[in-house]
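Q: sequence? don't have it. structure:
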């Protein structure tokens, strides 16, 4: 037992006062008997004995009355079970990612969590509220009521590790109580490994009842015809027993195609044929699952010729002119001596075809070219300087040439999963005529091989980044050294290497994916590009690079949709932005990672538990009650005991 005011216990010394009063009242006297009252002797002795009992009872009740009164003023209590954490600060982490749109027993998971916060959080409780994107520090339920009621779903996936890092960075002299409300979609062990063992959070994991969901994953050009595009839409179905869903294709909000999809497999590809012209619209479905992944915005730019040049012997470059036709490419070949360096920055792809040495000036120019989004293809010569090549390749990655081998080898292995072969083969082919080379360099490369020899050594590898690529062959491709020019692989391979990464096919950017984007536009020094949508606009981070502008969007825009880039009032290019599809699978609620933590079904349970474990048991009221009882007893003794 503890006392809130232990200093009051010194007043217990006052208990000696009733004792002293009692002693002074016990006066001694000599008994003297008169003859005429002798018969009263027995009665008199009996009365005196009763008086002594009464006084002793009164002394006892008064002592107990004073003792209980003093104890009551000292306010005794039993210490709480978890009293050491009574001063902890409360942090509530609320997941408002798109997966929280799923419906549980009482409606959408996020809306139900907000309602419970508003109903069960004590008005006097101080806490900090953290969502996927917003932080409200040191607030209370009245101050944060408006923010909670207006809380929207966030395109930013729930990352508990980053939110815990924010809480740790919030300096405080007290320990922390953390309550995490999440559906656990995408929750990993990495997210919880940095949680302080002394500040283990409470988890509330609401469960969705409807876990079926269909999402549109991607759109791409499957085939380019003379006057049409055949575009393919990839869909994923999560769950079981799907009903047919409706899919529609819109261009500038105008319906151009519609179909019904039956899901006999979890993955589905639907094809549409559209005119071969600029497209700025979206494809949409209607299902009973999450709504955020039911629409995918995309754009297709007006067809432009891709600029490609090869640098090398014209005779050895004739095969390239047959691949890069005038219908789709603007192709030219230059010998090294006739090369116009000023024309390089206007190209999309540059091919170094069997140069014996790459001059330092050309190395510097090509390094800048690749950094600005250009594609580079390197075909070595059997007379190439290994040291010169390695010094040049060191600008782009860790590919290094070794010695030239005079050994004939077959090219037998195709990496069908490599982006260069995306959409090229419907099935994996194994029974084609293998091309071969007479001489080849050994190559050291940490990057995946695109094509390999029969001995698993590299024939073609690629250094790839989000906006450009550097493709490196290990052998000359001239007709004397190799029959690769007659191989059916050469056309799709060089066609894909010649394409600009961002200017062909479908434009469908992902919000939050911070890869740079290059826009072909010539701006004045102080001009800037602005991205505009139907309802909002923003200015991205940008850098002017000669005839291009490098854009970085970070977390903009906030809303998925179709946008356009403008130079003042002049339209430049169409862009489309979409949310990440990382939370479409509602069956991936990883509740196992929180099995070692405290969990609860409702927020009120946590508040009640904390209050019970951290509230002292006050017993001073009992002492007041006993003091009153002894006061009543004293009055009864005075009145009724003779």
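A: Structure's in. What do you need? Keep in mind the model is a prediction, meaning the values are calculated, not measured.

Q: When you work out contacts or count neighbours from here on, use the C-alpha atoms and nothing else.
A: Noted.

Q: Give me the pLDDT value at residue 519.
A: Here, the pLDDT recorded for residue 519 equals 88.

Q: since we're on it, how many residues are nearby?
A: 19 (other Cα atoms under 10 Å).

Q: would you say it is within a strand?
A: Yes: Residue 519 sits within a strand when classified using DSSP: H, G, I helix; E, B strand; the rest coil.

Q: For it, give me its contacts.
A: By Cα atoms under 8 Å, 6 or more residues apart in numbering, the contact set of residue 519 is 548, 549, 550, 551, 573.

Q: Skipping its backbone neighbours, what lies nearest residue 268 in space?
A: Once flanking residues are discounted, residue 268 sits nearest to residue 235: 5.1 Å by Cα to Cα, 6 or more residues apart in numbering.

Q: scratch that, residue 589
A: Leaving aside its sequence neighbours, residue 589 sits nearest to residue 185 (Cα to Cα, 6+ apart; 4.3 Å).

Q: Thought residue 584 was touching that neighbour, still the case?
A: No: when contacts are counted by Cα atoms under 8 Å, residue 185 is not listed as touching residue 584 (9.0 Å).

Q: Can you pick out the residue with more neighbours from those two?
A: Set residue 185 next to residue 584 and count neighbours by other Cα under 10 Å: residue 584 wins out with 27 against 23.

Q: Next one: that one from residue 7, what distance?
A: According to Cα to Cα, to the nearest Å, residue 584 and residue 7 sit 64 Å apart.

Q: Figure out how far the one helix or strand residue 629 maps to is from the centre of its chain.
A: Element membership for residue 629, per DSSP states H and E: helix 620-640. Chain-centre distance of helix 620-640: 66 Å, with Cα atoms, centre = their mean, to the nearest Å.

Q: and what of stretch 464-476?
A: On Cα atoms, centre = their mean, the centre of stretch 464-476 falls 32 Å from the chain's centre.

Q: Run through who's touching that stretch.
A: Here stretch 464-476 has contacts from 354, 370-382, 396, 401, 437, 439-443, 458-463, 482, 497, 500-502, 515-518, using Cα under 8 Å, 6+ apart.

Q: does the nearest residue to residue 59 once chain neighbours are set aside count as helix, strand or coil?
A: Excluding the flanking residues, the one nearest residue 59 by Cα to Cα, 6+ apart is residue 18, at 6.5 Å. With three-state DSSP as the basis, residue 18 sits in helix.

Q: Likewise for residue 165?
A: Classified using three-state DSSP, residue 165 is helix.

Q: Now do the residue nearest to residue 59 against residue 58, distance only.
A: 9 Å.

Q: higher neighbour count, the two?
A: Neighbours per residue, other Cα under 10 Å: of residue 18 and residue 58, the larger number sits with residue 58, 21 against 15.

Q: Could you tell me whether that one really is in a helix?
A: Yes: the assignment for residue 58 (three-state DSSP) places it in a helix.

Q: Touching, it and residue 634? I think so.
A: Yes: between residue 58 and residue 634 there is a contact under Cα under 8 Å: 6.0 Å.

Q: Which parts of the stretch 251-400 of the chain are helices?
A: For the stretch 251-400 of the chain, the helices defined by DSSP state H, counting those that start in this stretch cover 318-323, 360-371, 386-393.

Q: possible to save those as TSV with mean pLDDT and distance to residue 195?
A: As requested, the helices of the stretch 251-400 of the chain are exported to TSV (pLDDT from 0 to 100; distance: least, Cα to Cα, whole Å):
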stretch	mean pLDDT	distance to residue 195
helix 318-323	93	57
helix 360-371	93	40
helix 386-393	94	44
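
Q: To residue 242, which of the ones you listed lies closest?
A: Among those, helix 318-323 comes nearest to residue 242, with 45.4 Å by Cα to Cα.

Q: helices or strands up against the closest one?
A: If you count contacts as 3 or more Cα pairs under 8 Å, 6 or more residues apart in numbering; DSSP states H and E, helix 318-323 packs onto helix 490-498.

Q: Grab the nearest non-local neighbour of residue 285.
A: Of all residues not flanking residue 285 in the chain, residue 247 sits nearest, at 4.4 Å (Cα to Cα, 6+ apart).

Q: by contact count, what packs against the helix or strand hosting that neighbour?
A: For residue 247, the host element (DSSP H and E) is strand 245-251. For strand 245-251, the elements it packs on are strand 254-261, strand 279-286, judged by 3+ Cα pairs under 8 Å, 6+ apart.

Q: wait, which of those strands is closest to residue 163?
A: The closest approach between residue 163 and any of those, judged by Cα to Cα, belongs to strand 279-286 at 33.1 Å.

Q: Okay, now the sheet partners of that closest one, with direction.
A: strand 245-251 (antiparallel), strand 295-300 (antiparallel) (DSSP bridges).

Q: And the strands in the stretch 201-350 of the chain?
A: Along the stretch 201-350 of the chain, counting by DSSP state E, counting those that start in this stretch, strands occupy 202-204, 213-224, 228-238, 245-251, 254-261, 267-275, 279-286, 295-300, 306-312, 329-334, 349-355.

Q: Report the contact partners of residue 441.
A: By Cα under 8 Å, 6+ apart, residue 441 lies in contact with 401, 402, 403, 404, 405, 474, 475.

Q: returning to what we had before: and the helix holding residue 629, what does it pack against?
A: Counting by 3+ Cα pairs under 8 Å, 6+ apart, helix 620-640 packs on helix 41-74.

Q: Show me how far the helix it packs on is from its chain's centre.
A: 76 Å.

Q: Now it: buried residues?
A: Across helix 41-74, burial judged by 16 or more other Cα atoms under 10 Å covers 54-55, 57-59, 61-74.

Q: Also stretch 123-138?
A: 127, 128, 129, 130, 131, 132, 136.

Q: Now do that stretch: distance to the chain's middle.
A: Offset of stretch 123-138 from its chain centre (Cα atoms, centre = their mean): 19 Å.

Q: same check, this time on stretch 601-613
A: For stretch 601-613, the distance to the chain centre is 28 Å (Cα atoms, centre = their mean).

Q: for the stretch 1-150 of the chain, what spans make up the strands?
A: With DSSP E, counting those that start in this stretch as the criterion, the stretch 1-150 of the chain has strands at 2-3, 76-78, 89-94, 103-104, 107-108, 127-130, 135-139.

Q: now for the fourth one, which elements pack on it?
A: Right, the one you point to is strand 103-104. So strand 103-104, by 3+ Cα pairs under 8 Å, 6+ apart, packs with no helix or strand.

Q: List the neighbouring strands of that strand plus their orientation.
A: Strands that pair with strand 103-104, judged by DSSP bridges, come out as strand 107-108 (antiparallel).

Q: Please enumerate residues in contact with the partner strand?
A: With Cα under 8 Å, 6+ apart, strand 107-108 has contacts from 100, 101, 102.

Q: Filter the residues you listed down to just the buried residues.
A: Neighbour counting with 16+ other Cα under 10 Å marks 100, 101, 102 as buried within those.

Q: So what pairs up with residue 401 in the strands?
A: Going by DSSP bridges, residue 401 forms beta bridges with residue 443.

Q: what does residue 519 give?
A: Going by DSSP bridges, residue 519 forms beta bridges with residue 549.

Q: Relative to residue 499, how far out is it?
A: Applying Cα to Cα to residue 519 and residue 499 gives a distance of 15 Å.

Q: Could you do residue 137 as well?
A: Residue 137 is 50 Å from residue 499, by Cα to Cα.

Q: just residue 558 next, same as before
A: Taken as Cα to Cα, the span from residue 558 to residue 499 is 31 Å.

Q: what do residue 185 and residue 584 both touch?
A: residue 99.

Q: quick one, phi psi at the nearest residue to residue 354 once chain neighbours are set aside?
A: Of all residues not flanking residue 354 in the chain, residue 381 sits nearest, at 4.1 Å (Cα to Cα, 6+ apart). Residue 381 adopts backbone torsions of phi -100, psi 150, taken as degrees, to the nearest 10.
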